[in-house]
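Asker: Build me a structure from this.
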Amino acid sequence: MKISRRGVLAMMAAGGLLPLHAADMPEPLKVLGKRKGLHVGNAIGGRYFRDPGYKALMARECDMLVAENEGKWKALEPRPGEYHFEPADEMYAWAKSQGMLVRGHNLIWQDAKWLPTWVNEYDFGAQPVQAAEALLRKHIVTVCDHFGGAIHSYDVVNEAVDPKTGALRTNVFTERLGAVEQIDLAFRVAREHAPKAQLVYNDYMRPDEGSKKHREGVLKLLHDLKSRGTPVQALGLQSHIGSWDDLGGAKQQQVWRKFLDEVTGMGLDLLVTEFDVNDRKLPGDEAVRDAGVAALAKDYLDVTFSYPQCRDFLMWGMADNVSWLQGWKEAPRTDGLAMRPTPFDEQMRAKPLRDAIAAAINAMPARS
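Answerer: From the prediction side, this is the model:
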């Protein structure tokens, strides 16, 4: 995407995307969202949960929290029977004190590399099917029973589809239970022990042509689960978008709408679960880059928010310095510059992306 400086300034002025000043004190995103029936949230964890300034920013802007890592199996039970609930408990208690809802992320991360080592090395013995089911059930029951009604929405299964092939990923459970069967079981056990929580399948398919097989695989999985009567209620759209995801063109918008039409046509809700914008293909100039990021976000959110089934929007980090993309080696900026993928900079000053999100919320239809 090539954008001239003159074009950037014109776009920022016309689109209301000029940088914000602290004195302006715009309405918090959560207030804008509440007006339209949308929850606004953020992922937080690690040392940033100890940063009072960052927590204050999140408390101002958000009414929903998801733990970045503290709710995952590796963190909760790093060794068999050795549970570490305290970090997540503390975060969820803080969220409650701020009037926030909590998302649980995640009960099962399908890719074997994200399961605890001891699970991958588990001896399933002479009755592997029964043992695999018992282990999977034990984890889900323990987690759901521990957190109880604190969890508003669970990512029950995360990233089960191989983006390159569209096939389901394999792990120690799928090898013994079957892939769809294992996912179905996870949702059924979650429903038994988290009866009031929204149950979500979460994945990172995108609108670009390179994500075609990924989208097709996700749709097939959802159709298979619905045909079984699996209690899946929503699709989590991770929404790690980037400068390869330009939805300004009619073709890209048509592709994304077709995908979302098919998902919602199954009676499923939508959530934006992990939003940020990778700027690696945008120019180095910060003004140009920030405007390009904002434009990409506005195009994507305008389409996605047009579906009234989307009632939750969560960022995966609110300030540039906390973003996981700063350390993501698979797709860095080739010029070595730090990415600017979030609504606030490292000094927690609002950027054009923050205005783009606000504009998209203001423009979307109200939810019932």
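Asker: Please list all residues in contact with the residue nearest to Asp184 when sequence neighbours are not counted.
Answerer: Setting aside the residues directly before and after it, Asp184 is nearest to Thr230 in space (C-beta to C-beta, 6 or more residues apart in numbering), at 4.7 Å. Any C-beta I mention is one placed from the backbone N, CA and C, and that applies to glycine too. By C-beta atoms under 8 Å, 6 or more residues apart in numbering, the residues touching Thr230 are Ile183, Asp184, Phe187, Arg188.
Asker: Sketch out the low-pLDDT regions of the stretch 251-368 of the chain for me.
Answerer: Across the stretch 251-368 of the chain, not a single residue meets the criterion (pLDDT under 70).
Asker: In three-state terms, label the residue nearest to Asp184 for me.
Answerer: For Thr230, the reduced secondary structure class is coil; criterion used: DSSP: H, G, I helix; E, B strand; the rest coil.
Asker: now it: how far from Val263?
Answerer: Here the criterion is C-beta to C-beta, to the nearest Å. By it, Thr230 lies 15 Å from Val263.
Asker: what ranges do the helices span in this protein?
Answerer: Remark: helices of the chain, listed N- to C-terminal, are 5-14, 29-36, 52-61, 73-76, 86-97, 117-120, 128-147, 174-177, 179-193, 212-228, 250-265, 286-305, 352-363; assignment by DSSP state H.
Asker: Please produce a markdown table containing those, extended by distance to Glu159 and mean neighbour count.
Answerer: Compiled in a markdown table, the helices of the chain are given as follows (distance: least, C-beta to C-beta, whole Å; neighbours: other C-beta atoms under 10 Å):
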| stretch | distance to Glu159 | mean neighbour count |
| --- | --- | --- |
| helix 5-14 | 34 | 14 |
| helix 29-36 | 26 | 19 |
| helix 52-61 | 25 | 17 |
| helix 73-76 | 13 | 18 |
| helix 86-97 | 20 | 16 |
| helix 117-120 | 16 | 14 |
| helix 128-147 | 17 | 17 |
| helix 174-177 | 13 | 18 |
| helix 179-193 | 11 | 20 |
| helix 212-228 | 10 | 18 |
| helix 250-265 | 16 | 16 |
| helix 286-305 | 19 | 23 |
| helix 352-363 | 24 | 23 |
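Asker: what would those look like in a markdown table with distance to Pro163?
Answerer: Output for those, formatted as a markdown table (distance: least, C-beta to C-beta, whole Å):
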| stretch | distance to Pro163 |
| --- | --- |
| helix 5-14 | 32 |
| helix 29-36 | 30 |
| helix 52-61 | 30 |
| helix 73-76 | 22 |
| helix 86-97 | 28 |
| helix 117-120 | 21 |
| helix 128-147 | 24 |
| helix 174-177 | 17 |
| helix 179-193 | 15 |
| helix 212-228 | 4 |
| helix 250-265 | 14 |
| helix 286-305 | 18 |
| helix 352-363 | 25 |
